[in-house]
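Q: this one's structure only:
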């Protein structure tokens with residue numbers, strides 16, 4: 001299964017943000033499970049780095065991002081992704097649109113985010129960490 005992780009999930013893991021951290025870290029641990037492939041976009045990684053750097057400093061944030069990038073694959077954000085986002089009149093949040101179309105471009109089957117309302121136009125399931133675990137893992 002190909003799973004796209006939104007920036008808010010990555011941030012909660014990198015910054016150990018409670019109460020989400022125990023659940024989001026469990027989602028991230030799925031990278032070690034056979035048949036599970038975790039994806040995110042370079043944009044999500046940049047956003048996660050920004051918030052990690054604010055909390056932990058530049059060197060620690062780089063180390064955290066390096067460790068994280070070994071667990072997940074990157075989706076592409078290119079001209080086609082931008083064009084798809086811009087041409088979909090339902091997309092109000094440009095960044096979410098880029099994430100959505102990059103996830104589709106990598107054949108992701110689900111988006112895991114704590115902002116599921118931001119992906120109201122999605123043709124694939126969009127779930128919070130807890131709901132994702134309940135529906136697909138437990």
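A: That came in fine, so what should we check first? Computed from a predicted structure; not experimentally measured.

Q: I'd say residue 127 and residue 119 touch.
A: No: using Cβ atoms under 8 Å as the test, residue 127 is too far from residue 119 to be in contact (10.0 Å). All C-beta atoms are positioned from the backbone trio N, CA, C, and that covers glycine.

Q: check which helix or strand covers residue 111.
A: For residue 111, the element it lies in under DSSP states H and E is strand 110-112.

Q: and the helix or strand following that strand, what does it pack against?
A: Next along the chain after strand 110-112, taking DSSP H and E as the criterion, comes strand 126-127. Packing partners of strand 126-127 (3 or more Cβ pairs under 8 Å, 6 or more residues apart in numbering; DSSP states H and E): strand 110-112.

Q: number of nearby residues for residue 122?
A: If you count neighbours by other Cβ atoms under 10 Å, residue 122 ends up with 17.

Q: brain fart, residue 137
A: 12.

Q: so what's it up against?
A: Residues counted as contacts of residue 137 (Cβ atoms under 8 Å, 6 or more residues apart in numbering) are residue 30.
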